[in-house]
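A.B. asks: following is a predicted model, sequence given first.
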Amino acid sequence: MQDPRLRLLVTVVLSLAAFASTAGAVAALVWWLLATPRTKVLPRPGVLLSLIAMIAATALVSAWGGGPGLSYFVRMTVVLLLAAWAYAETEEGEMLAVAVWALGNRIGFEIGLIAEMGIGGLAVIRQDIEHVRIAMALKGIRPGIRSIVPLAVTLIVTEIRRSEEIARLLAVRGYTLGGRISPRFRTGSKDVLASLSAVILGFLSCLSLRDVFILLG
Amino acid sequence: MRVELADLVFSQDSFTLRGSGTFDEGVHLVSGPVGSGKSTLALLLAGLLRPERGAVRRHGVLTTQLLLQFPEHHITSPTIAGEAASWGLVPEDALALAELSARADDDPFHLSRGELKRLTLACALLRDPDLLLLDEPFSSLDCTAKRRACRMLEKRDAGITVVFSHERAVLPRVDAIWEMEEGVLAARGSVPDAIPSWQHAPPYLRCALEQGARPMNIRLSDAREALCRIRG
Amino acid sequence: MIRITGLRHRLLDIPGLAVDARHIAVIGPNGSGKTTLLSVCSGIEEPEAGSVLLLDRPPSAVKIGWVGEFPDRTLLFSRVYDEIASTPRFRHRPCPETDRAVRAVAEVVGIRHLLGKKVAALSGGEKALVALAAACAGDPEVLVLDEADSHLDGVTAERVQRVVRESAAAHVLWCTQSMDVAATADCVLFMENGRVRHHGTPEEVFSALEETCFYPTLWRVSR
């Protein structure tokens, strides 16, 4: 899906539907099977399995306490699949464009800028973590509870230094409040169709099953 | 003692590193542009990354030490003395070598990046490993500190030292030159024969070569001596 | 014209200084106050005492282009185009004008082919060129480079020098550890312990530093 606005809309609508009821989750799953590249946009197996394991554990605890464990598991897994799809399809710069489109050149730009800098910062932090991990391995410090404190301190200090540098950069580039951009989006006809079907599915799943049969009857 | 690269291939995203050759005892300089894969090669030599194909074979190398480009990544202790101790060293020795004896109880993050570089370099040298890998040991230092770092390096009399650097003014005396360009490692050979074919040679060295001088090594003093010889 | 009067800020202590050169190189040992001086001159820090005037105005009223020591680690946006466009956008310039400025500066720096790329896909040297283009995109009157060349290879550093030489800025304040670069400036400031020890043409300043390692390497082999 090329248009990030439609993608955001679909993600919100279907996630809410999936979270609200099992029927909604099944509907969202059907949509996910039909309208996304499915397994191609999933995170690495290790990450995906550990997330699913976490959901399963919570579901088990819930079921053991007499709650709707299975339903919880299905609903949350579908939300996870939707989130993975939205994350994988999001391209750099889209956050800024959507935020400005929705909220304008001041507040929208501010929110978009923060999101953009956050995404950029994540990549730098990932590199930093990798380097600190290497430095600890060189000293023969095993990763564990005891090594978390120095690791966190190093990361916090390096990020504070980096944010000082970024603050300088913002100041000299004349940043005061917001900025002007003219966001442009490409909307394919398939995108519109997929979004429309998602909204309809979301709407239908809000009604209870009985109501659906009344509508059909 | 030697480290052998046997048709090494390593890929990450769209970047691929390739290299073959042998690092014998002595000081090796690996030069090349930013982003050409110097740091990745250092990690491969240190055994911290696994090659996709080929192998890094170490013969007679029992201990390895890698100095990272950003010295703050090494910090694991709240005091400077503790930091030296975390490298398994007697703090007094390391701090004396780094000329930071007066600041033993300070927070390492209160040091400037240049001072921190001095500290980590002193620690890495004092560990005296068989294989010492230094990733950009001169960046962030002023020329006085660079000179001191070079002297410390030159004093190391055994083992393999590999310096990964794009430094163009203050360099140590080296035994062999390597170049990295877009992920491909090329051996230029041993010094001084390698000097004329060294593409990333610093400007002063190139200037001396253009005047017909044949420096015996790569330092500024070597270039000047060679010029004196031809000028008479 | 850059005019400093009675400046005291952190370790800086500069009673008076007037420099009327275009390309000014700031050199000196680690911790001598070079970065602090550049921060005050670009209006990022307000001096504790005294004043700095650029083109007879306070720095905050002057358009500044800034490139820091780690341009590859301090980019604001994740797309090259957005990064270069940041200054005109922050100043709320009309979008067509911003677009023209971005394309023009990318042409000058020689990175037009990078405009559509993601920052994460660039090499370290390319990121530095993007940061330089971003600094030049707002038609800066004064261009400030804080050791921007210390992590660059020779080829990229020469490209940065060329762009800076050809830029329309009235002043270039360039702090560098490369004395061969400093030797090509119109004026050199040598700093030590927060003070300007020597200033003048490269000839004048480096003749006072001939006994030190601050003397340009190229001068040592060509003179």
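C.D. replies: Sure thing, it's come through. A quick note: this is a predicted structure, and the numbers were derived from the prediction, not measured.

A.B. asks: separation between the nearest residue to B:Gly60 once chain neighbours are set aside and chain A?
C.D. replies: Excluding the flanking residues, the one nearest B:Gly60 by C-beta to C-beta, 6 or more residues apart in numbering or on different chains is B:Met1, at 4.1 Å. To be clear about C-beta, it is placed using only N, CA and C from the backbone, and glycine gets the same treatment. B:Met1 sits at a distance of 20 Å from chain A (criterion: C-beta to the nearest C-beta, to the nearest Å).

A.B. asks: my guess is B:Met1 contacts B:Leu62, does it?
C.D. replies: No - applying C-beta atoms under 8 Å, one finds B:Met1 not in contact with B:Leu62, separated by 9.0 Å.

A.B. asks: neighbour count winner among these two?
C.D. replies: Between B:Met1 and B:Leu62, counting by other C-beta atoms under 10 Å in any protein chain shown, B:Met1 is the more crowded of the two (15 against 10).

A.B. asks: quick one: contacts for the more buried one?
C.D. replies: Counting by C-beta atoms under 8 Å, 6 or more residues apart in numbering or on different chains, B:Met1 touches B:Asp24, B:Glu25, B:His59, B:Gly60, B:Val61, B:Asp130, B:Gly159, B:Ile160.

A.B. asks: what is the burial count for the nearest residue to the third one once chain neighbours are set aside?
C.D. replies: Which is B:His59. Of all residues not flanking B:His59 in the chain, B:Arg2 sits nearest, at 5.1 Å (C-beta to C-beta, 6+ apart). For B:Arg2, the count of nearby residues is 14 (other C-beta under 10 Å).

A.B. asks: do A:Ala102 as well
C.D. replies: If you count neighbours by other C-beta under 10 Å, A:Ala102 ends up with 14.

A.B. asks: for the helix or strand hosting it, what is the distance to the chain centroid?
C.D. replies: Assigned by DSSP states H and E, A:Ala102 belongs to helix A:94-103. With C-alpha atoms, centre = their mean, to the nearest Å as the basis, helix A:94-103 stands 16 Å off its chain's centre.

A.B. asks: give the buried residues for it.
C.D. replies: Neighbour counts over helix A:94-103 (16 or more other C-beta atoms under 10 Å in any protein chain shown) mark A:Glu94, A:Met95, A:Leu96, A:Ala97, A:Val98, A:Ala99, A:Val100, A:Trp101 as buried.

A.B. asks: dump those to TSV, plus pLDDT and distance to C:Cys136.
C.D. replies: TSV is the format used below for these (pLDDT from 0 to 100; distance: C-beta to C-beta, whole Å):
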residue	pLDDT	distance to C:Cys136
A:Glu94	87	27
A:Met95	85	26
A:Leu96	89	22
A:Ala97	90	25
A:Val98	91	29
A:Ala99	91	27
A:Val100	92	24
A:Trp101	92	29
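
A.B. asks: just these that are near chain C?
C.D. replies: A:Leu96 (C-beta under 8 Å from any C-beta of the partner chain).

A.B. asks: out of the buried residues of helix A:94-103, flag the one nearest to B:Ser77.
C.D. replies: B:Ser77 has its nearest neighbour among those in A:Met95, at 38.7 Å by C-beta to C-beta.

A.B. asks: that closest one reaches A:Ala115, doesn't it?
C.D. replies: Yes - counting by C-beta under 8 Å, A:Ala115 is a contact partner of A:Met95 at 4.0 Å.

A.B. asks: closest residue of chain C to chain B?
C.D. replies: Of all residues in chain C, the one sitting closest to chain B is C:Ser123 (3.1 Å; C-beta to the nearest C-beta).

A.B. asks: excluding sequence neighbours, find me the nearest residue to that residue.
C.D. replies: Here the residue nearest C:Ser123, using C-beta to C-beta, 6+ apart, is B:Gly35, at 3.1 Å.
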